[in-house]
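S.K.: here is a sequence together with a model predicted from it:
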Amino acid sequence: MGAMHWLELEGAVNARDVGGLPTEDGGAVAERRLLRSDNLQGLTPRDIKVLVEDFGLTTVVDLRGTPEVTKEGPGPLTNVESVRHHHYSVLPESGGTTDATADDISDALYLKRRQRTIERFPDDVMTALYLGYLEDRPESIVGALRTIAGAPGAALVHCAAGKDRTGVVTAFALTVAGVRRDAVVADYAASGERIRAILDRLRASPTYAPDLDKRPDDDDHRPKPETMSLFLGEVDRRYGGAVRWLDAHGFDAADGAELRGKLLG
């Protein structure tokens, strides 16, 4: 498995192309088909040129919650007519949660949600949180994957940090495409290489700083390979795997074939 294909942008620090990840049948994901990133609010004119002209970006899949989108306002890419934006929050649409601290839901409004999250998988709260995405917003997972599959050019999936919500949706897309599980896990964990820069950017935003202040230790936010391994293992155990979970929620064989064609063709 080769090195990650990082996009060295001026206004985002966790952007990469998943092209090159190996598949179970000896192939690889095609380049310039699926990109992933942290928040896009700080993109510069140079960044936009790189994404649109060099990578052929046509489609943005925004996984942030409605409160985040509202507070942050329109990003620079919204001014580019050739790029279409699609919003699929994987969080329950209530209150002002941003998921920046992921498992830290300490306000009274979210105590019940936190308890429910932990009960899903007490052994690992991040795995429990990811399972919650599937339970709470299955239509958003399915919608995001359909949008990636149908993108006329490169699709870019992002949230705030580009590691949790983006990590789950990307992992499902790669799994449908037949990417080796160890490569799916490695792609998820790669965000840990840039965790300090990711958190520094978020702490500069009034939208995310209050949540991050609750957990100031950077290592608490670092994605761990075992978390994605546990999550995918639980998806296997509970639902028979990502493909069967998707099929149960309307993402059928034809959808899967379209997504594979997009990522591998």
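M.R.: Yes, it's here. Residues are numbered from 1 along each chain as shown.
S.K.: hey, what's the nearest residue to residue 78 once chain neighbours are set aside bridged with?
M.R.: The spatial neighbour of residue 78 that comes closest, neighbours along the chain excluded (Cβ to Cβ, 6 or more residues apart in numbering), is residue 85 at 6.3 Å. Backbone N, C-alpha and C define where each C-beta goes, glycine included. Residue 85 forms beta bridges with residue 60, as assigned by DSSP bridges.
S.K.: what number of residues lie near residue 85?
M.R.: Here the number of neighbours of residue 85 (other Cβ atoms under 10 Å) works out to 17.
S.K.: that one: what's it in contact with?
M.R.: Residue 85 makes contact with 60, 62, 77, 78, according to Cβ atoms under 8 Å, 6 or more residues apart in numbering.
S.K.: so how many other residues sit close to the third one?
M.R.: Put plainly, it is residue 77. Neighbours of residue 77 (other Cβ under 10 Å): 19.
S.K.: measure it to residue 45 for me?
M.R.: 11 Å (Cβ to Cβ, to the nearest Å).
S.K.: host element of residue 243?
M.R.: Using DSSP states H and E, residue 243 sits within helix 242-248.
S.K.: C-terminal to that helix, what's the next element?
M.R.: helix 253-264.
S.K.: what's in contact with that following helix?
M.R.: By Cβ under 8 Å, 6+ apart, helix 253-264 touches 23, 27-30, 33-34, 145-146, 148-151, 155, 173-174, 176-178, 243, 246-247.
S.K.: and if you look at stretch 196-209?
M.R.: 12-14, 38-39, 41-42, 68, 71-72, 98, 100, 160-163, 191, 212-213, 218, 221.
S.K.: what do you get if the cut-off is 7 Å, keeping everything else the same?
M.R.: Contacting residues not belonging to stretch 196-209 are listed as 13-14, 38-39, 42, 68, 71-72, 98, 100, 160-161, 191, 212, 218, 221 [Cβ atoms under 7 Å, 6 or more residues apart in numbering].
S.K.: start to end distance for it?
M.R.: 14 Å (Cα to Cα, to the nearest Å).
S.K.: all strands for the stretch 51-200 of the chain, in order.
M.R.: Assigned by DSSP state E, counting those that start in this stretch, the stretch 51-200 of the chain shows strands spanning 57-62, 84-87, 154-158.
S.K.: next, the angle strand 154-158 makes with the first one.
M.R.: Translated: strand 57-62. Following axes from the mean of the first three to the mean of the last three Cα atoms, to 10 degrees, one obtains 20 degrees for the angle between strand 57-62 and strand 154-158.
S.K.: now do strand 57-62: which elements does it pack against?
M.R.: For strand 57-62, the packing partners by 3 or more Cβ pairs under 7 Å, 6 or more residues apart in numbering; DSSP states H and E come out as strand 84-87, helix 138-150, strand 154-158.
S.K.: and the spatially most central residue of the chain, what does it touch?
M.R.: By Cα atoms, centre = their mean, the mean C-alpha position of the chain lies nearest to residue 166, the distance being 0.4 Å. Contact analysis of residue 166 by Cβ under 7 Å, 6+ apart lists 36, 63, 157, 158, 159.
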